[in-house]
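Chemist: Structure for the following, please:
(chains A and B)
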There are 2 protein chains.
Amino acid sequence: MSILIKDVLLEGKTANIFIEENLISQIGNITVEAEHVLDGKHKAAIPGLVNTHTHAAMTLLRGYADDLALQEWLTTRIWPVEANLTEDDIYWGTKLACLEMIKTGTTMFNDMYFHGEIAAKAVDEMGIRGVLSEVFFDLFDETKGEVGKKKVKKGIEQLKGYDSNRVIPALGPHAIYTVSAEGLQWVKEFADANDLLIHIHLAETKRENDDFVEKYGIRPVPYLEKIGFLGPNLVIAHCVWLDKKDMEILAKHEVKISHNPISNMKLAVGAIMPYRELKKAGCVISLGTDGCASNNNLDMFESMKFAALGQKLFADDPTVLSAQEVYDMVTKNGGVALRMNTGEIKEGMLADLLLIDLRRPSFSPNHSLIANIVYAANGSCVDTTICDGRCLMEAGRVKEEVEIMNKAGYAACELIKRCVK
Amino acid sequence: MSILIKDVLLEGKTANIFIEENLISQIGNITVEAEHVLDGKHKAAIPGLVNTHTHAAMTLLRGYADDLALQEWLTTRIWPVEANLTEDDIYWGTKLACLEMIKTGTTMFNDMYFHGEIAAKAVDEMGIRGVLSEVFFDLFDETKGEVGKKKVKKGIEQLKGYDSNRVIPALGPHAIYTVSAEGLQWVKEFADANDLLIHIHLAETKRENDDFVEKYGIRPVPYLEKIGFLGPNLVIAHCVWLDKKDMEILAKHEVKISHNPISNMKLAVGAIMPYRELKKAGCVISLGTDGCASNNNLDMFESMKFAALGQKLFADDPTVLSAQEVYDMVTKNGGVALRMNTGEIKEGMLADLLLIDLRRPSFSPNHSLIANIVYAANGSCVDTTICDGRCLMEAGRVKEEVEIMNKAGYAACELIKRCVK
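Modeler: This next block holds a predicted model:
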């Protein structure tokens, strides 16, 4: 398969982009024959976006429980529903998530949820890249830990049957308050032995940190260093409550940070991830949406604006986290965090890219494409989504989108009916 | 002219909505003949949104100056450009603003900018409702004040030539640090004598309050009360830095508040409007985008999410400013603030309403329409915009939209070229 994108705006110049198989093959004023030709006029090409923290199938809970206190939200709404999730729910929830991501320009995401093998099927069918981890917790109980380990190992085996460039197995230990030190160490060893990424939640709320310090007499980050859990293959979501020493430790071990501004604001975790300080420490920071129960969408354009504005407000300084920096977070840095040759439009990179429709008020005028992307646009500006050299969306339409929305909508209603009796 | 909207979702039920002339005439399971029939299937009807603070023609500066410190932004970027604005710029900038508002579901806005008579022409042509005030400042100089007053009076006379339901003249004294007490008193008297709204900026930054107190020994709100400026026809934008006494005074005089969360965050004014306290005091609070140089769009859907999440974050409480409350701010409260019979879909109300396309991931599933509107959607969900009984957009397309974007884009580039020599 080959694709030629003609006359598209690329980094301020008009160019043609030639895609062969799953790679960007040539860029410039080139003339080649291609099986599929896309008209790039009035469009800009940008890299596919990378979402480094979500729980895809939680799309089914979009708008189900909002404006509640965190504990009430979790215990009366989220957990009871999650206990009732079927494989079918995961399948349609993940399909809907992939659909939403394709429509809003995300071509790769880092997931942690249940039934990873079912999510893998959905991701494979939809054509985008998913780093999929079956959530792991032992609740400090050895028997539960053994059950969890078996499940994780089996899940990873099942994922090996898919295109390894798009369906990527990973480990997803939930958090330090749900997984024992022994459990975390097992995860780390298993991940290192099999060259896999690890995905965990950390320092989301102040209470979670305070409780940990009270119980164990050590802050979470030094604890994770002590047990040998930190490393460059670790992606940590949230990182709101860190002190200077924590940040130095994370940087030293080349841990990757996923900032989730919308979820943090909506659940009122009390602060914002210390961007300036983490950057100064030398950490690679990317961006995540978190799940749809706490966001309530997967639109990385919206997350970019929230990220930039949240930092400015909290720092009392409008110069913090510029448009270019936040754009880098969702492109280049996302690729680095998930160890994929994506996030830049260059010859030899994976063909993960978007065509942005510039004939919209958000891009009129177009003094700065990057500023318009970050501050004026939202995911609806994406006209064409290409992932791994395949065109997943053209002219804003994805194949079978109505069917996916209908089926997922039905599954979501039935799920709630089963839970609320 | 009559419009029949068939089989649309309205407050949880399927209904038909019949519009005659500029009013909502009948709602329910009705069968009538209409000149124009709209299919409401897979759509929800909601009121047209009201934006209570903007500077429309600043669309020309979208993305021109971001991530700068406030003073640098104003003195090196915004003011030099504004000094070069021509009538043609105002015309195309306002046309573009109206286009963007129509596309994102805003049917009424409260504006303060230059050349109100030109903005009026654009608003009139585009079909939405604009409360238009020529910005007034005397810079504490009597001569400048007289020039300003003449301009204001002339502008208001010119606006009387238009449909008085859609092009609504108002007074726009800029702020207490640019207009003298005498100037504000003149504005107040003139507005009361002519039954006009007044639109002002107040308490946007802490510094502006502190400087005032240092200079005059009184806080801005008690000062405005003392000079007799406060009243129910006053709409105040920002109101970030208020104390308890200020809020009681504003409530006592039935002053209307316009909250501008995105602009406040982007310019890093250091805090968030005290929503809970203002609500407790009894104030009517609505929502504004501010101008495109500090937002950078006019999408009220996005502003709703920023408003709700900003409050939750600052209050350390996810229950503050629920989806329903923020939805009321942009509908009912907007109508109350701008004294227009708009913001609700009821028989006898002005026919200002939107059809939302529900076949989008943001509305899949649809456990709660209001939560999806506020937290999951953005302005691109608007399929149809009706204002004053006229259909301004169908299937997401507005007449002449490409021409408006081209002309405004050209004007914006020429404007910058003239300024940066």
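Chemist: ok, A:Glu189 - how many residues close by?
Modeler: Using other CB atoms under 10 Å in any protein chain shown, A:Glu189 is surrounded by 11 other residues. (C-beta placed from N, C-alpha, C; glycine too.)
Chemist: ok, and what's touching the helix or strand containing it?
Modeler: For A:Glu189, the host element (DSSP states H and E) is helix A:181-193. Residues outside helix A:181-193 that contact it (CB atoms under 8 Å, 6 or more residues apart in numbering or on different chains) are A:136-138, A:145, A:148-149, A:152-153, A:170-171, A:173, A:176, A:179, A:196-198, A:223-224, A:227-229, A:231, A:233.
Chemist: so how far is it from its chain's centroid?
Modeler: Remark: helix A:181-193 is offset 23 Å from the chain centroid, using CA atoms, centre = their mean, to the nearest Å.
Chemist: now that helix: mean pLDDT?
Modeler: Averaging pLDDT along helix A:181-193 yields 98.
Chemist: Ok, stretch A:385-401 next?
Modeler: 97.
Chemist: can you pull the contacts of A:Thr31?
Modeler: For A:Thr31, the contacting residues are A:Asn16, by CB under 8 Å, 6+ apart.
Chemist: and the spatially most central residue of chain A, helix, strand or coil?
Modeler: Geometric centre of chain A, nearest residue: A:Asn51, 2.4 Å, by CA atoms, centre = their mean. Assigned with DSSP: H, G, I helix; E, B strand; the rest coil, A:Asn51 falls in the strand class.
Chemist: May I have the beta-bridge partners of it?
Modeler: A:Phe109 (DSSP bridges).
Chemist: Surely it is in contact with A:Phe109?
Modeler: Yes. Applying CB atoms under 8 Å, one finds A:Asn51 in contact with A:Phe109, separated by 4.2 Å.
Chemist: list residues touching both of these two?
Modeler: A:101, A:298.
Chemist: Which residues does stretch A:149-158 contact?
Modeler: Here stretch A:149-158 has contacts from A:116-117, A:120, A:134, A:136, A:169, A:171, A:186-187, A:190, A:194, A:196, using CB under 8 Å, 6+ apart.
Chemist: could I get these as a markdown table with neighbour count and distance to A:His259?
Modeler: Below are the contacts of stretch A:149-158 laid out as a markdown table (neighbours: other CB atoms under 10 Å in any protein chain shown; distance: CB to CB, whole Å):
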| residue | neighbour count | distance to A:His259 |
| --- | --- | --- |
| A:Gly116 | 28 | 24 |
| A:Glu117 | 21 | 29 |
| A:Ala120 | 24 | 26 |
| A:Glu134 | 25 | 24 |
| A:Phe136 | 26 | 23 |
| A:Pro169 | 25 | 24 |
| A:Leu171 | 26 | 21 |
| A:Trp186 | 21 | 28 |
| A:Val187 | 24 | 23 |
| A:Phe190 | 17 | 27 |
| A:Asn194 | 12 | 27 |
| A:Leu196 | 19 | 23 |
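Chemist: Farthest pair within the residues you listed?
Modeler: A:Ala120 and A:Trp186 (22.2 Å; CB to CB).
Chemist: For the nearest residue to A:Asn165 once chain neighbours are set aside, which residues are in contact?
Modeler: In this structure, A:Asn165 finds its nearest non-sequential neighbour in A:Asp388, 6.3 Å apart by CB to CB, 6 or more residues apart in numbering or on different chains. A:Asp388 is in contact with A:22, A:127, A:129, A:163, A:165-166, A:350-352, counting by CB under 8 Å, 6+ apart.
Chemist: With A:Glu21 as the reference, measure out to A:Asp388.
Modeler: According to CB to CB, to the nearest Å, A:Asp388 stands 9 Å off from A:Glu21.
Chemist: same deal with A:Lys13?
Modeler: 25 Å.
Chemist: circling back to that earlier point, and the helix or strand that the helix holding A:Glu189 is followed by, which residues are buried?
Modeler: Remark: after helix A:181-193, the chain's next helix or strand is strand A:197-202, criterion DSSP H and E. Within strand A:197-202, the residues scored as buried using 16 or more other CB atoms under 10 Å in any protein chain shown are A:197-202.
Chemist: where does the stretch 301-421 of chain A come near chain B, residue by residue?
Modeler: A:302, A:305-306, A:308-310, A:312-313, A:315-320, A:322-323, A:359-362, A:364-368, A:371-372, A:375-380, A:402, A:405, A:408-409, A:412-413, A:416 (CB under 8 Å from any CB of the partner chain).
Chemist: give me that answer again for 7 Å
Modeler: Proximity of the stretch 301-421 of chain A to chain B, by CB under 7 Å from any CB of the partner chain, involves residues A:302, A:309, A:312-313, A:316-319, A:322-323, A:359, A:361-362, A:364-368, A:371-372, A:375-376, A:378, A:380, A:402, A:405, A:408-409, A:412-413, A:416.
Chemist: Using neighbour counts, give me the buried entries of the residues you listed.
Modeler: Among those, those that count as buried by neighbour count (16+ other CB under 10 Å) are A:302, A:309, A:312-313, A:317-318, A:322-323, A:359, A:361-362, A:364-368, A:371-372, A:375-376, A:378, A:380, A:405, A:408-409, A:412, A:416.
Chemist: re earlier: look at the residue nearest to the centre of chain A and report its pLDDT.
Modeler: Value listed for A:Asn51 in the pLDDT field: 98.
Chemist: For it, give me its contacts.
Modeler: Residues in contact with A:Asn51 (CB atoms under 7 Å, 6 or more residues apart in numbering or on different chains) are A:101, A:106, A:109-110, A:288-289, A:298, A:300.
Chemist: I'd like the distance between it and chain B.
Modeler: Going from A:Asn51 to chain B by CB to the nearest CB, to the nearest Å gives 14 Å.
Chemist: what about A:Glu403, helix or strand, and which?
Modeler: helix A:401-419.
Chemist: Check which helices and strands that helix sits against.
Modeler: Packed against helix A:401-419 by the contact rule (3 or more CB pairs under 7 Å, 6 or more residues apart in numbering or on different chains; DSSP states H and E) you find helix A:79-82, helix A:87-103.
Chemist: check contacts around A:Arg77.
Modeler: A:Arg77 neighbours (CB under 7 Å, 6+ apart): A:64-65, A:68.
Chemist: list the buried ones in the worst-scoring helix or strand of chain A on mean pLDDT?
Modeler: Ranking every helix and strand in chain A by mean pLDDT, DSSP states H and E puts helix A:70-72 at the bottom, with a mean of 87. Of the residues in helix A:70-72, A:Leu70 count as buried by neighbour count, 16+ other CB under 10 Å.
Chemist: Quick one: list the elements packing against it.
Modeler: Packing partners of helix A:70-72 (3+ CB pairs under 7 Å, 6+ apart): none among the helices and strands.
Chemist: Just checking the distance from it to the centre of its chain.
Modeler: 24 Å.
Chemist: Which stretches in the stretch 251-400 of chain A count as strands?
Modeler: For the stretch 251-400 of chain A, the strands defined by DSSP state E, counting those that start in this stretch occupy A:256-259, A:284-287, A:353-357, A:382-387, A:390-393.
Chemist: B:Val179 versus the closest residue to A:Glu277 other than its chain neighbours, what's the distance?
Modeler: Spatial nearest neighbour of A:Glu277, excluding adjacent residues (CB to CB, 6+ apart): A:Met247 at 5.7 Å. Here the distance between A:Met247 and B:Val179 works out to 47 Å (CB to CB).
Chemist: Between these two, tell me which one has more neighbours.
Modeler: For A:Met247 versus B:Val179, neighbours defined as other CB under 10 Å are more numerous around B:Val179 (25 against 22).
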